[in-house]
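Asks: I would like to see how this sequence folds:
(one chain, ligands or ions: 1)
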Amino acid sequence: MKLQSNPEGRPGLAKAALLGLCPRCNSDGLFESRNLLHIRFANECKKCRLDYSGFNVGDGPAALLIIPIAALIITLALWLDIAVNPPFWLQVVVWVPVTTIITFISIRVIKAALLTLEYRRDAREAGGGDAP
Ligand SMILES: [Zn+2]
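Replies: Next up is the predicted model:
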């Protein structure tokens, strides 16, 4: 599956969210680090100087992720318990890190998606940021 850019040259939502691309110029660097566990936005785009500090995704990513991730982890934990019946400590050792990793990776994608949508709808905090 090829993730495409729209006719204006901006990245598509899925591509921008998955790769952490600037919603204006399509360059890499929406986040301070390429580390998947690093979820803080950079201050601005290094290429087009779009100020990311004017955007506020707030608690949106956590609110969007908590129920799907909980449902996934509970389902998998119940399946493991029924299939193998491991001791409780093993369930904790398995699911705490799995939940943490899935959450960090997912929250990065959702944060990028919400920032991209805010940019496209010009929905930013009052008094900050560049005009699109
Ligand atoms: Zn940019």
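Asks: residues from the chain in reach of the ion?
Replies: C22, R24, C25, S27, C45, K47, C48, L50 (C-beta under 5 Å from the ion). For glycine as for every other residue, the C-beta is placed from the backbone atoms N, C-alpha and C.
Asks: at 8 Å instead, please
Replies: 22-27, 29, 45-50 (C-beta under 8 Å from the ion).
Asks: Just the buried residues of these.
Replies: The neighbour count (16 or more other C-beta atoms under 10 Å) marks C22, P23, R24, C25, N26, G29, C45, L50 as buried among the residues of the chain next to the ion.
Asks: Dump these into TSV; add pLDDT as well.
Replies: Converted to TSV, those look like this (pLDDT from 0 to 100):
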residue	pLDDT
C22	92
P23	90
R24	89
C25	89
N26	87
G29	87
C45	92
L50	91
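Asks: name the element I39 belongs to?
Replies: According to DSSP states H and E, I39 maps onto no helix or strand at all.
Asks: longest helix anywhere in this protein?
Replies: helix 88-120 (DSSP state H).
Asks: picking that back up, so which of the residues of the chain next to the ion is the closest to P86?
Replies: The closest of the residues of the chain next to the ion to P86 turns out to be G29 (C-beta to C-beta; 42.2 Å).
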